[in-house]
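J.: For reference, the sequence and a predicted model appear below.
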Amino acid sequence: MAQAKRSAGSGSSSSPRKSASKRTSGASGSGGQARKSSSSRKTSSKASSGPAAAASAAAAAAAADPRVEAAAERVRKLNERIIEAGKTAGEGALTNYEKALKTIAATIERGPGSSDVEWISSLATAQAKFIRDVTAAWTKAARDMLK
């Protein structure tokens, strides 16, 4: 008869599940807090168990320390090799860039710089000098950054 009242009151066949979950959640509201506080008491008593736990943690850290240090040293060496390879590649790219710009400046001087028209010759020579000066300053600064 109690089941008939429950199913008639809610109007669905799944109401016993819903009411059971409501009862469970309602019961766990205050009971769950009591459980949490008792479990936190257990945890705090374990954490404060004293020197034995601290000694085992220190022993574990000491055992892992040589492996961690060895791994850290390998990473440092790898980083140094990567940095050196980057510097070498940068130096190579910078040298090639400098050669290309000097070739452009030389081509400008040979082509329009050798013109019979004076102002064209002066303009080409000035442009070639400008390219060389800017290239020298820029590559010097870049090389200083690579060091």
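T.: Structure received.
J.: report the longest helix in the protein, please.
T.: With secondary structure taken from DSSP state H, the chain has its longest helix at helix 51-110.
J.: Tell me which helix or strand comes right after it.
T.: Elements were assigned by DSSP states H and E; along the chain past helix 51-110, the next helix or strand is helix 118-146.
J.: Please point out which parts of that next one sit buried.
T.: 124, 125, 127, 128, 131, 132, 135, 139 (16 or more other CB atoms under 10 Å). Yep, even glycine has a C-beta here, placed from its N, CA and C like the rest.
J.: which other helices and strands contact the longest helix of the chain?
T.: If you count contacts as 3 or more CB pairs under 8 Å, 6 or more residues apart in numbering; DSSP states H and E, helix 51-110 packs onto helix 118-146.
J.: In JSON lines: the buried residues of helix 118-146, plus pLDDT and distance to residue 71.
T.: Putting the buried residues of helix 118-146 into JSON lines (pLDDT from 0 to 100; distance: CB to CB, whole Å) gives the following:
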{"residue": "124", "pLDDT": "91", "distance to residue 71": "60"}
{"residue": "125", "pLDDT": "92", "distance to residue 71": "60"}
{"residue": "127", "pLDDT": "94", "distance to residue 71": "56"}
{"residue": "128", "pLDDT": "94", "distance to residue 71": "55"}
{"residue": "131", "pLDDT": "96", "distance to residue 71": "50"}
{"residue": "132", "pLDDT": "96", "distance to residue 71": "50"}
{"residue": "135", "pLDDT": "95", "distance to residue 71": "44"}
{"residue": "139", "pLDDT": "94", "distance to residue 71": "39"}
